[in-house]
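Asks: Generate coordinates for the sequence data below:
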Amino acid sequence: MRTRAGAASLVIPLVPILASVLACVPATAGGGSYTQLADLQVARQETGAAMLRGRIYVVGGLAANGSALRSVERYDPDTNAWEFVADLPAARDHMGVAAAADRLYVIGGYAGNFQAQSTVYRYDPDANGWTTVAPLPQARGACWAVAVNDKIYVFGGVGSTPGARRSTFIYDPVNDLWSSGAQMPTAREHLTAAAVGTDIYVIGGRPGDAALVANEKYNTLDNTWETRAPMPTPRSAMATGAVGGRIYVIGGEVPELRDVNEAYDPQTNTWSTQTPIPVARHGFAAVSLGCGLVLAGGGVVQGLAPTVRVDLFEPRILGDLDGDGAVGLGDLAILLANFGACEPEPCNPEDGDLDGDGSVGLGDLATLLAHFGDVCA
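Replies: Sure, this is the predicted structure:
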């Protein structure tokens, strides 16, 4: 740790003031690291994935020959190994995938022909088998599904006729019933979404040929939408997941293949730049695992070129200076010890420079206090 002696004693009287004001200055640079995990057994893109009983399921997608896949792979984090489970009843790509009420659901999608489907399949891990449940109210492909409190929310996509949709469909797995929620403000397909608490943030996508920066929050408790800070880089077909109360939007395409990784902080309504993904891709899956995100498959060119690659992205939690996965007193002590300057200069994020300006100042202190108590998961 690099410190400047005496700085902490000068700053400590400011802590109560800053704690009450919380004049948070967002970080403009983030970080995080990647570890390559065991490859998928089948290269796939336009796939979907979810966590069920501590295992990650990667479902369907497009194969290298352009055909839709029926195969499903399950990842065991303890052994870093993939295994096949029961095939889908029918091949699917561009579908919604979510886990709720101790079951895995595969919702809509295409059948290798870019014709939207309304079928919904449910996987039972005890029986290692699939059953067909109540269909979507309308066919959807290139949609996105998110589970909150054992309900599944399906946003946007393409229907049985051309054009992106604004729809919100809500599935109750206990009663096997669908209902409609308030429509999204922005119609889009190839979108992405993630939940923080009971709010779902629907991000990016495209209504046609141009990718969007849209970021809209859906409140599952009162069925309302709110426009939030736009994503810095327009993209579609990204991988997205939440870790430590922040949403990481990785990769994507249109107008070009992206390696971008940008994090959204709902608490401050701000975005920060994270370490780019090692291999740019689109149409891949992200699933939260502990303090990181497992990123599986995807296309490595715009168009069709699926990969077996799987990466684990482990973000740096904003304000976690000592690397223990939480923002606490140890992190505050490091920041205060470096307040004003570092030796040698310039300061780095691990010194407390959270806004990337090369020094540790009041903005960095306010940011840390705003995130005090945050943990990685």
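Asks: Got the domain ranges for the chain?
Replies: 7-27+321-370, 33-314 (automatic domain parsing).
Asks: Pick the most buried one from these.
Replies: Highest mean neighbour count of those: domain 33-314, a mean of 20 (counted as mean count of other C-beta atoms under 10 Å). Just so you know, the C-beta spots here come from the backbone N, C-alpha and C atoms, and that holds for glycine as well.
Asks: what about the strands in the stretch 201-350 of the chain?
Replies: Secondary structure of the stretch 201-350 of the chain (DSSP state E, counting those that start in this stretch): strands at 215-219, 224-227, 239-243, 246-250, 261-265, 270-273, 285-289, 292-296, 310-314.
Asks: Which elements pack onto the third one?
Replies: Other elements packing on strand 239-243 under the criterion 3 or more C-beta pairs under 8 Å, 6 or more residues apart in numbering; DSSP states H and E are strand 192-196, strand 246-250, strand 285-289, strand 292-296.
Asks: which stretches of the chain have low pLDDT?
Replies: Along the chain, the model assigns pLDDT under 70 to residues 1-30, 377.
Asks: Residues contacting stretch 215-231, please?
Replies: For stretch 215-231, the surrounding residues in contact (C-beta atoms under 8 Å, 6 or more residues apart in numbering) are 148-149, 151, 153, 155, 168, 181-182, 184-186, 198-204, 213-214, 249, 262, 264, 266, 269-271.
Asks: Please could you give me each C-alpha atom of that stretch, formatted as CSV?
Replies: C-alpha atoms of stretch 215-231 as CSV (Å, rounded to 0.1, in the frame of the first residue of the first chain):
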residue,chain,number,x,y,z
ASN,A,215,-31.7,1.6,-20.1
GLU,A,216,-35.2,1.2,-18.6
LYS,A,217,-36.1,0.0,-15.1
TYR,A,218,-39.1,-2.1,-14.5
ASN,A,219,-40.5,-2.2,-11.0
THR,A,220,-42.0,-5.6,-10.4
LEU,A,221,-43.8,-4.5,-7.3
ASP,A,222,-45.9,-1.7,-8.9
ASN,A,223,-45.7,-2.6,-12.6
THR,A,224,-44.1,0.7,-13.7
TRP,A,225,-41.2,1.8,-16.0
GLU,A,226,-38.6,4.5,-15.4
THR,A,227,-35.9,5.7,-17.9
ARG,A,228,-32.4,5.5,-16.4
ALA,A,229,-29.0,6.7,-17.5
PRO,A,230,-28.2,5.4,-21.0
MET,A,231,-25.5,2.8,-21.6
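Asks: Centre of the chain to it, how far?
Replies: Chain-centre distance of stretch 215-231: 16 Å, with C-alpha atoms, centre = their mean, to the nearest Å.
Asks: re earlier: if we compare the helices and strands packed on strand 239-243, which one ends up closest to residue 39?
Replies: Closest approach to residue 39 among those (C-beta to C-beta): strand 292-296, 9.5 Å.
Asks: Return the list of helices and strands in contact with that closest one.
Replies: Using 3+ C-beta pairs under 8 Å, 6+ apart, strand 292-296 sits against strand 55-59, strand 239-243, strand 246-250, strand 285-289, strand 310-314.
Asks: With distance to residue 343 added, can I get those strands in CSV?
Replies: Below are those laid out as CSV (distance: least, C-beta to C-beta, whole Å):
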stretch, distance to residue 343
strand 55-59, 44
strand 239-243, 33
strand 246-250, 31
strand 285-289, 38
strand 310-314, 29
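Asks: Determine which of these approaches residue 340 most closely.
Replies: Of the helices and strands packed on strand 292-296, the one closest to residue 340 (C-beta to C-beta) turns out to be strand 246-250, at 28.0 Å.
Asks: List the neighbouring strands of the closest one plus their orientation.
Replies: Strand 246-250 has these partner strands in its sheet, going by DSSP bridges: strand 239-243 (antiparallel), strand 261-265 (antiparallel).
Asks: Note down every partner strand of the helix or strand that contains residue 99 and its orientation.
Replies: Take DSSP states H and E as the rule and residue 99 turns out to sit in strand 96-100. Using DSSP bridges, strand 96-100 pairs in its sheet with strand 103-107 (antiparallel).
Asks: so how far is the partner strand from its chain's centroid?
Replies: For strand 103-107, the distance to the chain centre is 18 Å (C-alpha atoms, centre = their mean).
Asks: is it possible to export the strands paired with strand 246-250 to TSV including distance to residue 108?
Replies: Putting the strands paired with strand 246-250 into TSV (distance: least, C-beta to C-beta, whole Å) gives the following:
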stretch	distance to residue 108
strand 239-243	18
strand 261-265	26
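Asks: Nearest to residue 323, out of these?
Replies: Closest approach to residue 323 among those is made by strand 239-243 (14.9 Å; C-beta to C-beta).
Asks: Let's have the domains of the chain in a markdown table, adding distance to residue 376.
Replies: Output for the domains of the chain, formatted as a markdown table (distance: least, C-beta to C-beta, whole Å):
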| stretch | distance to residue 376 |
| --- | --- |
| domain 7-27+321-370 | 4 |
| domain 33-314 | 4 |
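Asks: Is it correct that residue 143 is in contact with residue 107?
Replies: Yes - if you go by C-beta atoms under 8 Å, residue 143 and residue 107 touch, sitting 7.3 Å apart.
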